[in-house]
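Engineer: Quick one: sequence plus predicted model below, questions after.
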Amino acid sequence: MEKQHDNPFQFTKAVILLPLFFVLTLWSVFWYELHFHESLSHFGVYPREVFGLKGILFSPFLHGDIEHLANNSVALLVLLPILRYFYKEQSFVVLLFGIIFSGLGTWLLGRPSYHIGASGLIYALVSFIFFKGIFTKYYRLVALSFTIVILYGGSVWYMFPNVKEGISWEGHLAGFLVGLALALVLKTPQFSKPIFYEWEKPDFNPELDPFMKNFDEKGNFNPPPKPEEVIREYFNSSMKVVYEFLGGKK
């Protein structure tokens, strides 16, 4: 039986360090290209050619210009902390497989050109976080899924050809499919269900509830009688019964 977790989310240094290290690596590679006036685009994915396979590992760290790099950096600085915080145990598997299989999908589907950039990984992260939250049915992760829709729902159009020139829609589509597959395959802890109090249940009857009996129909508090009042009432009732039994009642 899987253990239920009431509070499975814990903040660690890796929530901050992982995205910073990854993004810093991207900027370091870009700085190297600028400083030494050398283009590393030939390390990108070149579809269906053996020499293009090396791009599966290297292409996420290469970018064509600073706008391309900045856009991907912002997305990674948002998505990687979310992944690490909410899916700690699966984070490195999603990151590694997201890179490998989105690159492989680009290699299989892409046009004959060099494909570079971390967009495939970003689409894998978006897809995984969205679908995994829906599949768990855990209210916090479902809310996270809807947040992802608000932030990145519009990016779904860039998975189709001829939407915008100069983008690798094949890499986007491959990343999206990889994220969906990982959400289906990877297991998460069985989260405990939200607490429902008795008064929240549809069959709740306030007239039978011991606590609600202390309130009248208008919601005013009617405290229970004091012990001495209960004893006095019981004594008076008993004396009345004795009196009637002895013939006091005509």
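Structural biologist: That came through, no problem.

Engineer: I100 - how many residues pack around it?
Structural biologist: Burial measure for I100: 15 neighbouring residues, criterion other CB atoms under 10 Å. From N, CA and C alone the C-beta is placed, and that goes for glycine too.

Engineer: element containing it?
Structural biologist: Assigned by DSSP states H and E, I100 belongs to helix 91-109.

Engineer: which outside residues touch that helix?
Structural biologist: For helix 91-109, contacts defined as CB atoms under 8 Å, 6 or more residues apart in numbering pick out 18, 45-48, 52-53, 55-57, 59-60, 80, 83-84, 87, 115, 120-121, 123-125, 128, 168, 170-171, 173-175, 177-179, 181-182, 186.

Engineer: What of stretch 23-32?
Structural biologist: So stretch 23-32 is contacted by 38, 40, 60-63, 66, 69, 72-73, 76-77, 118 (CB under 8 Å, 6+ apart).

Engineer: Stretch 49-57 too?
Structural biologist: Here stretch 49-57 makes contact (CB under 8 Å, 6+ apart) with 43-46, 99-100, 103-104, 106-107, 114-116.

Engineer: and if we set it to 7 Å?
Structural biologist: Applying CB atoms under 7 Å, 6 or more residues apart in numbering, the set of residues contacting stretch 49-57 from outside is 43-46, 99-100, 103-104, 107, 115.

Engineer: out of these, who has the most neighbours?
Structural biologist: When neighbours are counted as other CB under 10 Å, the busiest of the contacts of stretch 49-57 turns out to be V45, with 33 neighbours.

Engineer: what's the neighbour count on the nearest residue to that one once chain neighbours are set aside?
Structural biologist: Among residues not flanking V45 along the chain, G55 sits closest, at 3.4 Å (CB to CB, 6 or more residues apart in numbering). The burial count assigned to G55 is 25, neighbours taken as other CB under 10 Å.

Engineer: quick one: G55 from G103, how far?
Structural biologist: In this view, G55 and G103 are 6 Å apart by CB to CB, to the nearest Å.
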